[in-house]
Structure formats: structure tokens, C-alpha cells
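Peer 1: heads up, no residue letters with this:
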């Protein structure tokens with residue numbers, strides 16, 4: 001799978017296939033359903049399967065105060081889409097020029113001229129062009145005129161509700177990462193850089209990586225079982241999000257204890273998967289009571305991660 005951030009260097013072999021356009025934030029199981037049909041349609045037209053997405057989300061330019069925190073960064077989104085089998089992801093730079101295109105201009109320039117698409121696969125709530133003026137009915141008309149195939153994939157419903165990025169965002173914001181994982185193609189992941197903290201964990205025998213510069217949605221405050229990634233290596237991880245009331249600290253921090261890791265991580269990039277929520281933030285009588293609880297958290301983390309190895 002290849003990731004492109006421009007159409008200027010798109011190889012000829014990645015033109016003339018099937019295209020799905022959208023934000024694909026989180027790459028959930030509803031998106032996977034669309035990708036499954038995209039792959040089938042690409043095979044039908046004997047062309048590549050292409051996902052065309054936007055970087056950043058258009059709402060971040062149009063209504064930044066209304067922009068929801070993203071679930072995935074661009075490289076992660078491309079990685080998840082690659083795992084589903086697409087041939088290429090185009091993360092097109094969102095700018096005023098793109099947002100000013102009418103639906104007809106967007107279709108003519110992007111879909112027909114640049115991508116030379118023979119088929120499109122979309123959900124029923126697809127909108128495109130300036131002011132989101134283009135809907136699925138207009139897209140169907142444009143595709144018919146161009147002699148292109150169009151397949152509409154109905155939303156996936158689980159537990160009585162449509163699977164959507166907003167539904168998943170609400171679950172994660174509430175700390176319901178296990179429920180969110182059931183709707184995602186992979187466990188929810190954040191990334192950041194390891195910076196210096198208060199080193200309290202080190203002093204009581206539970207060193208943690210202080211994760212900073214996180215650019216996606218944070219789960220609710222609490223302690224979670226998960227996995228930590230540094231480079232190609234992976235460890236079970238007990239993750240704390242929130243303040244440190246035991247030590248009178250109100251600043252919200254993200255700290256990950258990588259179980260079995262020895263060494264320094266300062267200045268290193270780190271990624272963390274969330275598997276389940278173990279408990280909320282608690283205030284302890286002192287360091288000894290905290291150590292007892294941390295040992296229990298680590299045991300629970302090991303049990304949770306073993307279920308998914």
C-alpha cells in the first residue's frame with residue numbers, strides 16, 4: 001500500500017480504478033464494509049482500489065471551533081486501510097482551493113481528471129464540493145453521465161445504532177475503550193513523545209513514560225490496560241490518564257508503565273493501544289497504598305493483554 005499527499009506524483013498504475021472518498025476517521029468496521037466493496041469493485045473494473053481522504057478534516061478549516069478531536073492521524077489511518085487491502089491512500093491537503101470547488105468541479109477535476117476513476121463506492125450520507133452541496137443523488141447523476149459505476153453501501157448497524165466515528169468518539173471520551181474496540185478495526189491508539197515527568201513512579205518501583213504532544217482524542221480519566229509500542233517493540237502497558245491527587249497534583253497527564261521494559265525512553269516516540277478500563281482515578285493514603293494498587297493494575301493488565309496475544 002502506498003500513501004500519497006499529492007496527486008502530482010500519482011503513478012499511472014493507480015489511475016483508472018475504483019475510488020472511495022471520505023474522512024475514514026478511526027477506520028471502523030463500517031468503513032471496513034465500504035472497503036470490502038471497494039476491493040470487489042476494483043477487481044470488477046480491473047483497476048486499483050483507492051481511498052481519497054482529506055488532511056486535515058475540512059471542518060478544521062471551515063469551522064475550527066466545531067471540529068471534533070480526531071481518532072487517527074494520517075499515517076495511522078493509511079496503515080489501517082492498508083491492513084484492509086487497499087492499493088493506495090491519497091491524503092489530499094485540504095486548502096481553500098479544494099474547498100471552493102463546486103460538486104461538479106470536484107467530480108470533474110479530482111474523480112475524472114486526476115484519478116480517472118471507473119467506479120466509486122460510498123455511503124448514503126456522502127457529501128462533496130463547496131458547502132457540501134453535492135449529495136449522493138447528484139453523484140449518481142454525474143457517474144451515469146460519465147459512464148461510471150457507483151455502489152452505495154448502507155451503514156452498518158450494531159446493537160441498534162449505526163457504527164460511526166462520532167459514536168466511537170463518544171465511547172472513548174467516556175472511557176469505554178473496550179466497547180469502542182468492538183466497533184473499530186483495531187484497538188484505539190494514541191501516540192506522543194516521552195518527556196520528563198516527576199519521576200514518582202521510578203521512586204516507588206513502577207517507572208512510567210510521560211506521554212506528551214498527543215494529537216488525537218484522549219480517553220476519560222482513569223487507569224487502562226493496554227499495549228505500548230516503541231519502534232518495532234511491544235510491551236503490555238498499564239496506562240494512567242488524569243491528575244495525581246495522592247500527590248496534590250491537578251495537571252492531567254498520560255503515563256504508561258511498559259511492563260518488562262528496562263531503560264530510558266526520554267525523547268522517544270511512543271504509541272499506546274487501549275484494551276480495557278480498569279478503574280477511575282483514586283486518591284490513596286500514601287505511597288505504600290498506591291504501590292499495592294499499582295501491582296493489582298499490572299496483574300489486571302497482564303491478564304487483559306494475554307487474552308489478545
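Peer 2: Looks like it arrived, so ask away. These figures come from a predicted structure and were not determined experimentally.
Peer 1: sheet partners, orientation included, of the helix or strand harbouring residue 237?
Peer 2: For residue 237, the host element (DSSP states H and E) is strand 233-244. Sheet pairing of strand 233-244 (DSSP bridges) gives strand 222-230 (antiparallel), strand 249-258 (antiparallel).
Peer 1: show me what residue 90 is bridged to.
Peer 2: Counting by DSSP bridges, residue 90 is bridged to residue 4, residue 52.
Peer 1: hang on, isn't it packed against residue 52?
Peer 2: Yes. Taking C-beta atoms under 8 Å as the definition, residue 90 is a contact partner of residue 52 at 4.8 Å. For the C-beta atoms, the positions are set from N, CA and C on the backbone; glycine is no exception.
Peer 1: residues contacting residue 58?
Peer 2: Residues near residue 58 by C-beta atoms under 8 Å, 6 or more residues apart in numbering: 94, 99.
Peer 1: where does it fall, phi/psi-wise?
Peer 2: phi -50, psi -30 (degrees, to the nearest 10).
Peer 1: quick one, strands of the stretch 151-300 of the chain?
Peer 2: 157-158, 161-162, 188-195, 209-212, 222-230, 233-244, 249-258, 269-279 (DSSP state E, counting those that start in this stretch).
Peer 1: turn those into CSV, including mean pLDDT, distance to residue 44 and mean neighbour count.
Peer 2: Output for the strands of the stretch 151-300 of the chain, formatted as CSV (pLDDT from 0 to 100; distance: least, C-beta to C-beta, whole Å; neighbours: other C-beta atoms under 10 Å):
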stretch, mean pLDDT, distance to residue 44, mean neighbour count
strand 157-158, 96, 26, 12
strand 161-162, 96, 27, 12
strand 188-195, 97, 33, 20
strand 209-212, 94, 44, 22
strand 222-230, 97, 37, 22
strand 233-244, 93, 38, 21
strand 249-258, 89, 45, 17
strand 269-279, 97, 35, 20
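Peer 1: of all these, which one comes closest to residue 118?
Peer 2: Closest of those to residue 118 is strand 161-162, at 28.9 Å (criterion: C-beta to C-beta).
Peer 1: what strand or helix carries the residue most central in space within the chain?
Peer 2: The C-alpha lying nearest the average C-alpha coordinate of the chain belongs to residue 72 (C-alpha atoms, centre = their mean; 2.5 Å). Remark: residue 72 resides in no helix or strand, with elements defined by DSSP H and E.
Peer 1: residue 114 versus that one, what's the distance?
Peer 2: 24 Å (C-beta to C-beta, to the nearest Å).
Peer 1: sounds good, over and out.
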